[in-house]
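Enquirer: I would like the atomic coordinates for the input below:
(chains A, B, C and D)
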2 protein chains.
Amino acid sequence: MKNIKPKLIKLFKEGYCTPQIARIARTINEPSTTIHYNIKKLENEGAIRIYKAVFDYKKINEGFCVYLLIALTPSEYSTPERIAKNLAKHEEVESVDLVTGDWELILKLRAKDQDEYYNFVKNVVSREKGIVTTKSMISLKQLKTEFVSL
Amino acid sequence: MKNIKPKLIKLFKEGYCTPQIARIARTINEPSTTIHYNIKKLENEGAIRIYKAVFDYKKINEGFCVYLLIALTPSEYSTPERIAKNLAKHEEVESVDLVTGDWELILKLRAKDQDEYYNFVKNVVSREKGIVTTKSMISLKQLKTEFVSL
DNA sequence: TTATGTGTTTGAACAATATTCAAATATGAA
DNA sequence: TTCATATTTGAATATTGTTCAAACACATAA
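Expert: Sure, this is the predicted structure:
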């Protein structure tokens, strides 16, 4: 047994997919070379970043999903991007945004379970200097992710 | 001019992509038939939902991104999914979660600009019975989306 | 209006890739 | 060990992506 599964999941999270030109051509009834030309144009403009897979995260041991709100110390207000970039590096992190309102950052995180999430908060979030408060909003049910209804 | 672009964007948001088996095979140095077998298994298990494109949303006129927190009236606590599903239908909605804490729902929305977002709130959100309060957290900067760093 | 340059569409030929199939191998349970 | 089931793999085939050159569309300026 070669245990290919985790390797595939890792690759599919950030790419290793490609458009189905022939199927699109059939669907909208245009020549495949026209589709090809237009897709390449979108890619060259940078409008399309990558092609990737969307998972049923429960089935790949990432069923625990949390929105984490973060408030920074006033001294960090001028460079919130430093902390944001550090946090974005980690594979548990689906998204990172600087936002308006009572909190400076909002992260979407995926972990296997509560324990794994606790470890992430303990080892990554709480070690980051400049964070003053956090608040976890645990997802009880995900109805739509990445524009995909579940 | 056939204006293929918007059609492609629509299709790529929810699929019409496929894994690059040969490239994966080269990357992890395994026969492509082995990769093929393992991918089909993941698909049949339902672990992989779809293959799709991730965009630079600013370049496809969806640069305005908001996290919308929603509190429900106590009478809706028993059926939060009804409202959640209604909201999830709309194409502006990237994600919908039922969450713990001070709010019942969190939505991630993408629109062209503030005006278009306002129209969505006015026409869709505020018409939904059972919503008691909302709070918008506007994204000032997106550092990572859908596991893709920007 | 016509001329000119640029961007888009398209079919034909070709290159690369996905898929099928059958055989070999591995794995776990009795 | 034996058996049933799951996984790996190469060879053949089917399907798809890509290249290329020509035709066409569109905008601009003379």
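
Enquirer: Using the centroid of chain A, identify the residue furthest from it.
Expert: Note on chain A: the largest C-alpha distance from the chain mean falls to A:P31, namely 33.9 Å (CA atoms, centre = their mean).

Enquirer: Now that residue. Nearest residue, chain neighbours left out?
Expert: Of all residues not flanking A:P31 in the chain, A:A25 sits nearest, at 6.4 Å (CB to CB, 6 or more residues apart in numbering or on different chains). From N, CA and C alone the C-beta is placed, and that goes for glycine too.

Enquirer: Burial check on that neighbour, number of neighbours?
Expert: Other residues lying near A:A25 total 16 when counted by other CB atoms under 10 Å in any protein chain shown.

Enquirer: wait, doesn't it sit right on A:I39?
Expert: No: if you go by CB atoms under 8 Å, A:A25 and A:I39 don't touch, sitting 10.5 Å apart.

Enquirer: same for the longest strand anywhere in chain A, what does it pack against?
Expert: Ranked by residue count under DSSP state E, the longest strand found in chain A is strand A:131-145. Identification of packing neighbours for strand A:131-145 by 3 or more CB pairs under 8 Å, 6 or more residues apart in numbering or on different chains; DSSP states H and E yields strand A:64-72, helix B:80-88, strand B:93-99.

Enquirer: tell me what the helix or strand immediately after that strand in the chain is packed against?
Expert: As assigned by DSSP states H and E, the chain's next helix or strand after strand A:131-145 is strand A:148-149. Contacts defined by 3+ CB pairs under 8 Å, 6+ apart place strand A:148-149 against strand B:48-55.

Enquirer: Tell me the strands beside the strand it packs on, with direction?
Expert: strand A:48-55 (antiparallel) (DSSP bridges).

Enquirer: Report the angle between the partner strand and strand A:131-145.
Expert: Orientation check (axes from the mean of the first three to the mean of the last three CA atoms, to 10 degrees): strand A:48-55 against strand A:131-145 gives 80 degrees.
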